[in-house]
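*Asks:* Need coordinates for the below:
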Amino acid sequence: MSRKFQVCLIVLAAIVPSGLAHAAEPIADPEAIKFFESKVRPVLVARCLKCHGPAQQKGQLRLDSREAILKGGESGEIVVSGKPNESLLIEAIHRTGLEMPPDAPLKENEVAALTEWVLRGLPWPTVDGKSRVLESSGQRITEADKQYWAFQPIRDPVVPELKSQIANSKFQIRNDVDHFIAARLAAEGFTPAPEADRRTLIRRLTFDLTGLPPTPAEIAEFESDSRDDAYEQLVDRLLDSPAYGERWARHWLDLVRYAESDGYRKDDYRPHAWRYRDYVIRSFQTDKPFDRFVQEQIAGDELDPDNPEALAATGYLRLSLYEYNQRDARTQWNEILNDITDVTGDVFLGFGMGCARCHDHKFDPILQKDYFRLKAFFVGILPQDAQPLVSKPELEVHRAKLAEWEAKTADLRAKLAELEQPHLAKSKASAIFKFPAEIQAILKTDDVSKLAPLDRQLYDLAYRQVQYDHDQVGTKLKDEPKKKWDELRAELKKFDELKPAALPIGYAVSEVGPIAPPTVIPGDKTETDIIPGWLPAKIMPAPNAPQSTGRRTTLARWLTSPDNPLTPRVMVNRIWQYHFGKGLVATSSDFGRLGETPSHPELLDWLASRFVGKGEVRSQLTPWSFKSLHRLIVTSATYRQSATNLNAEQQQLKDPGNRWLWRANIRRLDAEQIRDAMLLVSGKLDSTSGGPSVSASKPRRSIFTEQRRNSPDPLLDVFDSADGFSSTPERNVTTTPTQALLMINSKDSLAHAAAFARRVQSEAGSDRESQIAAAYRLAYGRDPSNAERSAAIEFLNQQAARNAAAASSSFTDFCQVLLNSNEFLYAD
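*Replies:* Okay, the predicted model is just below:
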């Protein structure tokens, strides 16, 4: 191992956090706060504040703020942050000594929530660095709520005119985006960075748009291209590349928590989930208008029921976790609908809805009723696990052929059914018996078409645990019945040529019936059916949704209306975030009061208005076009800035987070970019696009590898890939010893390095200096400096002098160092 690489490891170890945050510091992690709001706050408010709140403090104990809980009461400390087994509070709710609450024990899931909350370090929302005091009263809509910036109509701001020349003459205004950025920089007294060199630009742009590094030939061609529009031509080439759709689909899949397994302990694989993934890739690749893209995912089955693309799109509504052995089908169905509601709020509206599921939101003007108004759009869905994804004519031909096969095999299949029925009936009865009585009654229904809408949904959900594989019957039969069964199966197989090939199928949804099941707020004694909608009309006009089928179509059209103030802002902000590392609103899925306000509100509205086709079009933008938006952003001088700024020291003190965009941000590649880049430079990458997912051991792009929730690929996982359990608006960027150890020692990393070395030796010949230069060009897109070339030769010579084994592997070791270096793992 080279000294340079050893130093990298020492530095890496030095910057890894060594312990948990101090218990007195409130935890502000968004996921942790979401857990508190949805799981913990409702328990504290409903079961604890009556005796331990502002009005009454039994035992001198208050439980309405984090500070008060850490202070404890007359019995002393009641929690030890991170240690539930040492916390008196957890002991009391388990009723092993103290018995709290005194009137009735908490439910099992409530005890589990409080226990996990203590284990997590008592996360709690803060205001000005202090934990916010809980209130048991409901939320009221104030005038300030009505005037909140995110709910205001999208404006068409005037593009700022620059009154004086930019201080740095090397910063050349290229489009209207730059006017907004430069105006703010001037107001802050900042100087922008000059444009990056061409090698940096093509590396940054290629990773951004395709997720892959540029080849040495592509870099050389761009650096020598003297055309005035060489950069714009490069942008168009990359946007047309198949790799573009694969890269940008990954961003969307993060948002919608895409995965190919159920989650929970069993984590069964979903073999047809990839159909939705490929739909997303095709949508980005063909630049499908964003409004249509959204509408198909929310209501494709309603809008275009004979279009296989639209049906595949509804796979968005099938991405929730599923617990196979959950007998409480009613609760599980409710959790699935809650999950769809939460993700829809996060992704399209930029507001966390989960906090309003159990109570009025404590920070944003979202009432509990509003949560269920949004949920009401989805209560009528009926999952389809084998939705044919073919055109109507193809389906009719298939059905005709199948009918012919069924007619000619009717007698054989009847005889098989007669043999199988006793065993199938016994298996079904045994499976049904495991469910609660109300679900048993539903499952025993002879005619599911007569079930009430909700009961039909519960039937389909529970029946997944009842279905029996007919092939397994053969293991149950004995003697003569088994012999007869085998003979009948063999006879049936002779008709296989008549049977049409299986149709491509995917996970989709339909409507359970003409009337949707009622939506009722838990605990509402009146059981009032909630009408679909979202925020109160006094803040945002709600869509007029029907009580029957067509609800989701109404929601889809409302979400994509040019007059909706949220969705356009949210989406252009996400695109900006993926290009710059941070959105104009830094909290891209939280436009509420717990999130941040826009750094450039006029630019956000200017982009949003043009994205939906409004406003004066000075910089041409095709309505609802992602590619058009990309082109506008990446051709700006703002995007093309260097990461180096001559005034960096002074400006860094005033704006350490680069909020005003006075330079480019240096960013680490994400998990998929790292894996795919290693495959590309090693010459192993299989560029085949689409189709069923493969094992991560195969050299396909990472987006085409299996995405199992409980068994992620180690390399992708350690570099912070999305886990598929919840929406991921922004990847974490952690630095851990595990990353370095895996990159050095894993079989895959060693295989990539060996393949990289073989490729270089094959292409560059036996000359050491030529090999070193070729390796640098493949890994970094540049030639090595004289000092780097000398250091590499010295390393290779030292290895050769040690022994024959070291000599033979020395070039592989050298290539591994390149793949582990910051220059390979970061883009500037």
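
*Asks:* going forward, measure contacts and count neighbours with C-alpha atoms only.
*Replies:* Noted.

*Asks:* Show the residue spans covered by the strands in this structure.
*Replies:* Taking DSSP state E, the strands of the chain run over residues 126-127, 130-131, 381-388, 505-511, 667-668, 826-827.

*Asks:* how many neighbours does the closest residue to residue 404 other than its chain neighbours have?
*Replies:* Computed as CA to CA, 6 or more residues apart in numbering, the closest residue to residue 404 that is not its neighbour in sequence is residue 498, at 7.7 Å. When neighbours are counted by other CA atoms under 10 Å, residue 498 registers 13.

*Asks:* those helices in the stretch 401-550 of the chain, which residues are they?
*Replies:* Applying DSSP state H, counting those that start in this stretch to the stretch 401-550 of the chain gives helices spanning 410-433, 437-443, 453-463, 479-493.

*Asks:* Now stretch 370-389: buried residues?
*Replies:* Neighbour-count burial for stretch 370-389, with 16 or more other CA atoms under 10 Å as criterion, is recorded at 370-385, 387-389.

*Asks:* And for stretch 435-450?
*Replies:* Within stretch 435-450, the residues scored as buried using 16+ other CA under 10 Å are 435, 439-440, 442-443.

*Asks:* Just send these back as a markdown table, with pLDDT too.
*Replies:* Formatted as a markdown table, the buried residues of stretch 435-450 follow (pLDDT from 0 to 100):
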| residue | pLDDT |
| --- | --- |
| 435 | 94 |
| 439 | 95 |
| 440 | 95 |
| 442 | 96 |
| 443 | 94 |
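
*Asks:* got JSON lines for these, with distance to residue 199 too?
*Replies:* Output for the buried residues of stretch 435-450, formatted as JSON lines (distance: CA to CA, whole Å):
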{"residue": "435", "distance to residue 199": "63"}
{"residue": "439", "distance to residue 199": "64"}
{"residue": "440", "distance to residue 199": "66"}
{"residue": "442", "distance to residue 199": "65"}
{"residue": "443", "distance to residue 199": "64"}
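
*Asks:* Quickly check those residues for the two that are furthest apart.
*Replies:* Largest separation among these by CA to CA: 435 and 442, giving 10.2 Å.

*Asks:* The closest residue to residue 826 other than its chain neighbours: neighbouring residues, count only.
*Replies:* Excluding its sequence neighbours, the residue lying closest to residue 826 (CA to CA, 6+ apart) is residue 668, at 4.2 Å. Residue 668: 19 surrounding residues under other CA under 10 Å.

*Asks:* List the contacts of residue 668.
*Replies:* By CA atoms under 8 Å, 6 or more residues apart in numbering, the contact list for residue 668 reads 733, 825-827.

*Asks:* Between those, which sits nearest residue 746?
*Replies:* Using CA to CA, residue 825 comes nearest to residue 746 of these, at 16.8 Å.

*Asks:* give me the number of residues near the closest one?
*Replies:* Using other CA under 10 Å, residue 825 is surrounded by 20 other residues.

*Asks:* And it, how far from residue 740?
*Replies:* Noted for residue 825: a distance of 12 Å to residue 740, by CA to CA, to the nearest Å.

*Asks:* what's the burial count for residue 147?
*Replies:* Residues near residue 147, counting by other CA under 10 Å: 11.

*Asks:* So it versus residue 374, what's the distance?
*Replies:* Counting by CA to CA, the gap from residue 147 to residue 374 is 22 Å.

*Asks:* Check residue 313 too.
*Replies:* Residue 313 sits at a distance of 20 Å from residue 374 (criterion: CA to CA).

*Asks:* cool, residue 412 as well?
*Replies:* Taking CA to CA, one finds residue 412 at 50 Å from residue 374.

*Asks:* Report pLDDT for the nearest residue to residue 571 once chain neighbours are set aside.
*Replies:* For residue 571, ignoring the flanking residues on the chain, the nearest one in space by CA to CA, 6+ apart is residue 348 at 7.5 Å. Looking at residue 348, its pLDDT reads 97.

*Asks:* How is the protein divided into domains?
*Replies:* Listed domain ranges for the chain are 30-134, 262-386+509-559, 390-503, 671-718+735-828 (source: automatic domain parsing).

*Asks:* Distance to residue 160 added to the ones you listed, as CSV?
*Replies:* As requested, those are arranged in CSV below (distance: least, CA to CA, whole Å):
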stretch, distance to residue 160
domain 30-134, 33
domain 262-386+509-559, 28
domain 390-503, 51
domain 671-718+735-828, 28
